[in-house]
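1. Sequence plus predicted model, see below.
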Amino acid sequence: MTRLRSWAVSVVCLAVLVAASGAPAQTSATVEYRLSFPAPEHRWLAVDVTFRELPDAPLRVRMSTASPGRYARHEFAKNVFGVRADDGTGTGLTFARPNAHEWVVSEHAGTVRIRYRVFGDRVDGTYLAVDSTHAHMNIPAVLMWAIGLEDRRVRLALEPPAEAGWRAATQLFSTDDPMVFTAPNLQYLMDSPIELSRFELRTFVVPDPASGARGPTFRVAVHHDASDGVNAFVDAVEEIVRESVLVFGEFPVFDTNTYTFIADYLPYANGDAMEHRNSTVLTSSARLEAPTQRERLLGSVAHEFFHAWNVERIRPRSLEPFDFTDASVSEELWLAEGFTNYYGKLLTVRAGVTTLPRVLESFGATLDAVITGPGRRLHSAVEMSRLAPFTDAAAAIDRTNFGNTFISYYTWGEAIGLGLDLELRVRTNGNVTLDDYMKALWVRFGKPGGAAPGVVDRPYTLADAREVLGAVAGDPTFATAFFDRFIEGRDVVAYAELLERAGLVLRARAPGRASLGRVYLGSGTRVSEPTPYGSPLHEAGVDVDDLLTMLDGRPVVSGRDLVLILGERQPGETIAIGFERRGTPIESTVTLAEDPGVELVTLESIGGRLSPEQTDFRHAWLGSRR
């Protein structure tokens with residue numbers, strides 16, 4: 001089907017769970033959902049939805065096969081069972097199942113009520129999880145919706161288990177009833193996760209720097225079983241919020257004047273984070289009371305909150321409006337996700353919630369992956385972005401060769417963001433930075449907003465991103481060359497030279513050390529991943545599942561054996577290698593290379609002394625804006 005579209009509705013809104021609000025009546029009847037939890041211990045919930053004032057045509061309802069923030073297909077219909085349909089008075093209606101995702105009621109009198117159950121047992125940002133302690137709901141994994149009724153207003157009522165003490169955290173619009181919410185259209189509904197549990201709630205307000213007036217209310221709803229750490233976590237979240245807004249100079253207009261962090265930090269949670277228009281979902285098995293683990297969680301907080309500007313409102317045209325029926329193909333994910341990844345790390349150090357060595361270690365790992373990754377010789381960052389439907393939590397049982405053909409647009413985009421930020425600072429003596437570029441994208445594409453909540457009226461294209469860079473840099477020729485070489489091309493920025501301006505050293509991780517290349521071993525010396533194109537092992541004919549048995553005429557049975565033998569040799573030497581492939585012994589030769597890895601360290605950590613210029617450059621880049 002064609003992409004779904006939402007048109008203008010007028011909504012007056014206040015904070016979810018804080019104050020009630022109403023909206024003018026619409027010409028179409030409201031879609032009414034009721035969610036109940038008769039047996040949460042069995043990991044399912046019941047959905048009851050009524051569609052009224054239907055046209056004289058078959059009603060087609062379906063489950064989504066895509067979810068906001070994800071780019072691959074997800075078969076949410078697989079967990080639906082016990083579907084029934086009636087006319088709203090209890091008289092049963094027949095329906096057909098033309099495909100795996102749709103239910104069609106061909107004959108009705110204008111009202112159709114559908115009831116079903118949906119199973120969910122995965123705590124993350126994409127699926128549904130129900131148990132005795134909570135219901136963690138990503139809406140596309142829960143609700144059927146009607147084709148052709150996407151613009152109708154929605155009323156959603158929650159019926160938690162009796163005596164459970166659950167309350168709701170969501171970006172949906174509130175009503176006088178704390179368990180009843182509304183949404184102005186399908187786009188907003190599907191983008192509004194719900195946490196229903198006995199979570200801990202903290203709130204804070206941050207003034208909007210554009211006016212100095214009272215800003216949005218930020219709510220942090222934490223469902224966890226930790227003994228401590230919530231207060232420290234929320235304090236750090238506030239620091240990240242305060243630092244993030246200074247990149248753009250103002251907050252977005254949150255549709256409820258509230259932004260909600262929904263955090264499920266539980267032993268059985270999967271590590272994930274997912275942005276939404278006025279909220280974000282954070283899940284992990286990490287412990288809040290452990291400072292090091294808590295610090296890692298804050299990187300996801302910074303990344304997802306930056307999305308409130310970049311991708312939720314500064315939005316690629318390829319993702320707007322979001323199509324809930326198919327995978328999303330976009331060539332701008334290096335910017336939408338990759339630049340956000342860069343700022344997720346940058347903002348944690350600016351906010352003081354991580355240390356310089358840790359953020360440099362992370363940047364170093366990113367540069368290592370991009371500079372040495374064989375996939376860079378095959379695809380540009382733009383082309384990597386187009387591969388998202390195959391890599392973004394996409395489920396497949398066959399093996400892939402992505403280790404050789406793919407570099408994540410998160411990773412490569414982060415490296416591009418880092419390089420562009422430094423390039424702009426060096427070219428303009430610090431007068432223009434990546435912050436200025438992001439702010440310009442915000443003013444042109446994000447700030448104008450949309451005619452209805454959940455809608456972006458001015459999404460951007462790849463050409464737009466290039467044009468804005470030229471304007472911000474004051475040099476369209478520079479922008480064209482940068483895009484041609486580093487974004488649509490396969491070159492990498494001169495990182496070492498640029499980083500030196502900040503007193504940072506990008507160096508070989510193990511200079512002079514002989515190496516077989518990047519080799520990943522499983523049990524013993526069995527190769528567990530495809531060998532990288534061009535690496536010594538690959539050139540020697542060794543690949544995944546092969547068992548290394550001999551090196552330089554000596555038997556090997558562990559990774560330690562390989563390290564000891566390689567330590568006695570030099571890069572460039574050619575030695576014998578033996579391996580077994582599916583029971584067949586093979587002999588070959590391998591020409592050793594220097595360990596290809598790179599790392600990023602401070603000049604002072606290796607005995608150097610920072611110049612005043614380097615100190616100033618580093619502070620202007622990594623220091624707080626406050």
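-> Done, it's in.
2. Contacts only, for the closest residue to Trp334 other than its chain neighbours.
-> Leaving aside its chain neighbours, Trp334 sits nearest to Gly413 (3.5 Å; criterion: C-beta to C-beta, 6 or more residues apart in numbering). C-beta coordinates here come from the backbone N, C-alpha and C atoms, glycine included. With contact set as C-beta atoms under 8 Å, 6 or more residues apart in numbering, Gly413 has these partners: 333-335, 337-339, 341-342, 381, 385.
3. Farthest-apart pair in those, please.
-> Tyr342 and Ser385 (15.1 Å; C-beta to C-beta).
4. of these two, who's got more company?
-> Ser385 (28 against 25; other C-beta atoms under 10 Å).
5. Enumerate every residue touching the residue nearest to that one when sequence neighbours are not counted.
-> Nearest residue to Ser385, sequence neighbours excluded (C-beta to C-beta, 6+ apart): Leu333, at 3.7 Å. With contact set as C-beta under 8 Å, 6+ apart, Leu333 has these partners: 71, 316, 384-385, 388, 409, 413.
6. filter those residues to the buried ones?
-> 71, 316, 384-385, 388, 409, 413 (16 or more other C-beta atoms under 10 Å).
7. can you tell me which of those are in helices?
-> 384-385, 388, 409, 413 (DSSP state H).
8. Can you say which two of those residues are spatially most distant?
-> So, these by C-beta to C-beta: farthest apart are Ala388 and Gly413, at 11.4 Å.
9. Over to Gly608. Which of the three states is it?
-> coil (DSSP: H, G, I helix; E, B strand; the rest coil).
10. repeat for Ala46
-> strand.
11. Go through stretch 436-444 and flag the buried ones.
-> 436-439, 441-442, 444.
12. Could you do stretch 525-538 as well?
-> Buried residues in stretch 525-538 (16+ other C-beta under 10 Å): 525, 527, 529-533, 535-538.
13. Kindly report the same for stretch 540-551.
-> Neighbour-count burial for stretch 540-551, counted by 16+ other C-beta under 10 Å, picks out 540, 542, 546-551.
14. helix or strand for the residue nearest the centre of the chain, which one?
-> By C-alpha atoms, centre = their mean, the mean C-alpha position of the chain lies nearest to Met274, the distance being 5.3 Å. Taking DSSP states H and E as the criterion, Met274 maps to strand 272-275.
15. Glu467 now?
-> Using DSSP H and E, Glu467 falls in helix 462-473.
16. And the pLDDT for the residue nearest to Trp334?
-> pLDDT, Gly413: 98.
17. For stretch 53-65, buried residues please.
-> Quick answer for stretch 53-65 (16+ other C-beta under 10 Å): 54, 59-65.
18. And for stretch 269-281?
-> 269-270, 272-281.
19. Could I get the full set of strands for the stretch 451-600 of the chain?
-> Under the criterion DSSP state E, counting those that start in this stretch, the stretch 451-600 of the chain contains strands at 504-508, 514-515, 547-551, 554-555, 574-581, 584-591, 593-594, 598-602.
20. Switch these over to CSV; also include distance to His303 and mean pLDDT.
-> Output for these, formatted as CSV (distance: least, C-beta to C-beta, whole Å; pLDDT from 0 to 100):
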stretch, distance to His303, mean pLDDT
strand 504-508, 22, 97
strand 514-515, 33, 97
strand 547-551, 38, 98
strand 554-555, 47, 98
strand 574-581, 41, 98
strand 584-591, 40, 98
strand 593-594, 34, 96
strand 598-602, 20, 98
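21. Which one, of the ones you listed, ends up nearest to Pro184?
-> strand 598-602 (46.4 Å).
22. any idea which helix or strand comes after that closest one?
-> Moving toward the C-terminus from strand 598-602, the next helix or strand (DSSP H and E) is helix 612-622.
23. ok, residues contacting that following helix?
-> 346, 349-350, 356, 359, 421-422, 425, 430, 433, 501-504, 603, 610.
24. Which one of these sits in the busiest neighbourhood?
-> Leu504 (27 neighbours).
25. Do I have it right that that one meets Val359?
-> No: using C-beta atoms under 8 Å, Leu504 makes no contact with Val359, being 10.9 Å away.
26. and stretch 183-199, which residues are buried?
-> 183-197, 199.
27. quick check: mean pLDDT across it?
-> 98.
28. and what of stretch 28-41?
-> For stretch 28-41, the mean confidence score works out to 96.
29. contacting residues for the residue lying closest to Ala96 once chain neighbours are set aside?
-> Spatially, and ignoring its direct neighbours in sequence, Ala96 is nearest to Val104 (4.7 Å; C-beta to C-beta, 6+ apart). Contact analysis of Val104 by C-beta under 8 Å, 6+ apart lists 58-61, 95-98.
30. Where do the domain boundaries of the protein fall?
-> 31-191, 514-594 (automatic domain parsing).
31. Could you point out which of these sits nearest Phe248?
-> domain 31-191 (19.8 Å).
32. can you list the weak-confidence ranges in the stretch 451-600 of the chain?
-> Under the criterion pLDDT under 70, no range of the stretch 451-600 of the chain is flagged.
33. still on that earlier bit, could you redo the ones in helices among the buried ones among the contacts of Leu333 as a markdown table and give each row distance to Asp124?
-> Shown next, in a markdown table, are these (distance: C-beta to C-beta, whole Å):
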| residue | distance to Asp124 |
| --- | --- |
| Met384 | 23 |
| Ser385 | 22 |
| Ala388 | 17 |
| Tyr409 | 20 |
| Gly413 | 22 |
